[in-house]
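Asker: structure, please.
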Amino acid sequence: MHHETLVGLWDSQPYDLGSLESSWLGFLQDGRGWSAWANLAGAMDVSRFHWHCPEPDVLVLRCTWQASGGWQGTEGPLRFSSIDDQGPGGEVLKTGYTIRPDEIPAAGQPSTALLLEKHVQFCSTYALIKRELFPNDDPAHGLAPWP
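Answerer: I've put the predicted structure just below:
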């Protein structure tokens with residue numbers, strides 16, 4: 001069972017004021033997705049997963065692939081410039097979640113927030129950035145396309 005309200009790209013940046021790093025979660029309609037983390041020093045980590053909701057307000061992420069490396073550039077979406085390490089996943093995370101309207105003070109506008117009971121990529125609170133998402137939106141797509 002997939003919960004349609006999770007589909008899209010979620011970003012921790014609106015909640016990371018003053019932080020030198022941010023995280024993202026991408027949930028594709030077909031049950032695939034990714035988590036990504038990057039810092040201003042140029043390091044980046046991406047984990048691909050399969051996701052499902054076995055019951056209301058419960059999310060399961062099964063990691064299938066992980067990579068770490070570097071990123072560079074400021075134009076367009078964040079992408080790997082190099083991969084230093086990659087390999088199969090295997091970790092499974094089960095967490096409760098809530099999706100609710102939120103007012104982000106720094107943004108000055110209403111948003112939709114995803115609140116997780118457990119951290120994913122060092123964060124537990126994400127703002128919805130966009131609903132329509134594709135496999136090539138994955139930050140690792142250019143160096144390691146989806147099989």
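
Asker: dump the residue contacts of the residue nearest to the spatial centre of the chain.
Answerer: The centroid of the chain falls nearest to L25 when counting by C-alpha atoms, centre = their mean (1.5 Å). Going by C-beta atoms under 8 Å, 6 or more residues apart in numbering, L25 touches L9, W10, G33, W34, S35, A36, L114, V120, Q121, Y126. The way it works is simple: take the backbone N, C-alpha and C, and place the C-beta from them, glycine included.

Asker: cool, and W65?
Answerer: Counting by C-beta under 8 Å, 6+ apart, W65 has contacts S47, R48, Q86, G87, P88, G89, A144.

Asker: tell me which element the closest residue to the fifth one other than its chain neighbours is part of?
Answerer: Taking C-beta to C-beta, 6 or more residues apart in numbering, and ignoring the residues beside it in sequence, P88 has W65 as its nearest neighbour in space, at 6.2 Å. With elements taken from DSSP states H and E, the one containing W65 is strand 58-71.

Asker: just the C-alphas of that strand, formatted as CSV.
Answerer: Coordinates of each C-alpha in strand 58-71 appear next as CSV, following Å, rounded to 0.1, in the frame of the first residue of the first chain:
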residue,chain,number,x,y,z
VAL,A,58,3.7,3.9,9.1
LEU,A,59,6.5,4.1,6.5
VAL,A,60,9.0,1.4,5.6
LEU,A,61,12.1,2.2,3.6
ARG,A,62,14.2,-0.7,2.3
CYS,A,63,17.6,0.5,1.2
THR,A,64,18.8,-1.1,-2.1
TRP,A,65,21.9,1.0,-3.0
GLN,A,66,24.1,3.6,-1.4
ALA,A,67,26.8,6.0,-2.7
SER,A,68,28.9,8.7,-1.3
GLY,A,69,31.1,11.2,-3.1
GLY,A,70,31.3,14.9,-4.1
TRP,A,71,29.1,17.5,-5.8
